[in-house]
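Engineer: Predicted structure and sequence below. I'll ask about it afterward.
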Amino acid sequence: MPRFAGAQLPRLRRLVELSRDITGDHFRLGSEEVDSWPVEIRTLADLQSEEIHPSGVLADIARYQYSDRLFGRKQDLYRVNLQDHNILRVLRQDPGRLGFSPFLLYVLTHELIHIVRFVKFLVPFHTPRETRQEEEQRVHHLTQAILGKVPMRGMERVLRHYQKLAGGRE
């Protein structure tokens with residue numbers, strides 16, 4: 001199964017930081033708050049077999065609860081499980097159109113927006129099935145708004161690629 005390797009891994013780390021910064025800025029979160037987000041980003045190399053999804057799923061979010069050692073209160077940890085093989089498949093199927101960095105920045109930002117919305121209690125983690133599609137459209141719209149301001153080569157192509165999902169027109 002193809003996975004991120006070589007120069008893609010340091011690029012991924014930089015994209016995670018960029019995504020955290022621009023998502024935090026959009027939601028007017030301070031850098032301390034962003035740095036304290038209970039989030040882990042994992043790639044295919046880190047996933048268990050049951051966390052690996054077939055084609056179509058680029059990433060998912062798992063929520064784990066634990067008790068903090070100091071006060072014993074319940075805390076949430078969100079894990080973004082990137083599906084390297086599916087991301088790389090999309091990029092391979094569309095050679096020359098979607099670049100690795102802008103496409104991955106879109107995926108990461110989309111998932112972090114979901115997490116901000118969960119942490120801020122704007123939407124429950126277990127969204128009812130009947131409102132799930134509406135929430136996805138809302139998050140795609142927010143992702144478009146945030147990334148539309150990012151001056152990155154190839155971002156415009158990625159935004160056009162996802163425009164229909166955001167409820168826009170081509």
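Structural biologist: Sure thing, it's come through. Residues are numbered from 1 along each chain as shown.
Engineer: In this structure, what helix or strand scores lowest on average pLDDT?
Structural biologist: helix 31-35 (a mean of 80; mean pLDDT, DSSP states H and E).
Engineer: Now do the same contact list for residue 21.
Structural biologist: Residues near residue 21 by CB atoms under 8 Å, 6 or more residues apart in numbering: residue 34. Yep, even glycine has a C-beta here, placed from its N, CA and C like the rest.
Engineer: what helix or strand does it sit in?
Structural biologist: helix 8-26 (DSSP states H and E).
Engineer: Provide a list of residues in contact with the nearest residue to residue 139 once chain neighbours are set aside.
Structural biologist: Spatially, and ignoring its direct neighbours in sequence, residue 139 is nearest to residue 113 (5.1 Å; CB to CB, 6 or more residues apart in numbering). Residues in contact with residue 113 (CB under 8 Å, 6+ apart) are 23, 139, 142-143, 146.
Engineer: Strands - which of the residues you listed land there?
Structural biologist: Taking DSSP state E, every one of those sits outside strands.
Engineer: Most neighbours among these, which one is it?
Structural biologist: residue 143 (27 neighbours; other CB atoms under 10 Å).
Engineer: Quick check: the residue nearest to it when sequence neighbours are not counted vs residue 71, distance?
Structural biologist: Setting aside the residues directly before and after it, residue 143 is nearest to residue 110 in space (CB to CB, 6+ apart), at 4.6 Å. Counting by CB to CB, to the nearest Å, the separation of residue 110 from residue 71 is 33 Å.
Engineer: More neighbours: which of those two?
Structural biologist: residue 110 (24 against 8).
Engineer: Would you check that the more buried one makes contact with residue 139?
Structural biologist: Yes - the pair residue 110 and residue 139 qualifies as a contact (CB atoms under 8 Å) at a distance of 5.9 Å.
Engineer: so where's the chain uncertain?
Structural biologist: Per-residue confidence for the chain (pLDDT under 70) gives these ranges: 95-96, 164-170.
Engineer: Could I get the full set of helices for it?
Structural biologist: For the chain, applying DSSP state H gives helices covering 8-26, 31-35, 84-93, 100-119, 129-147, 155-162.
Engineer: Among these, which comes closest to residue 1?
Structural biologist: Nearest to residue 1 among the helices of the chain is helix 84-93 (4.7 Å), distances taken as CB to CB.
Engineer: Neighbours of residue 161, how many?
Structural biologist: Residues near residue 161, counting by other CB under 10 Å: 17.
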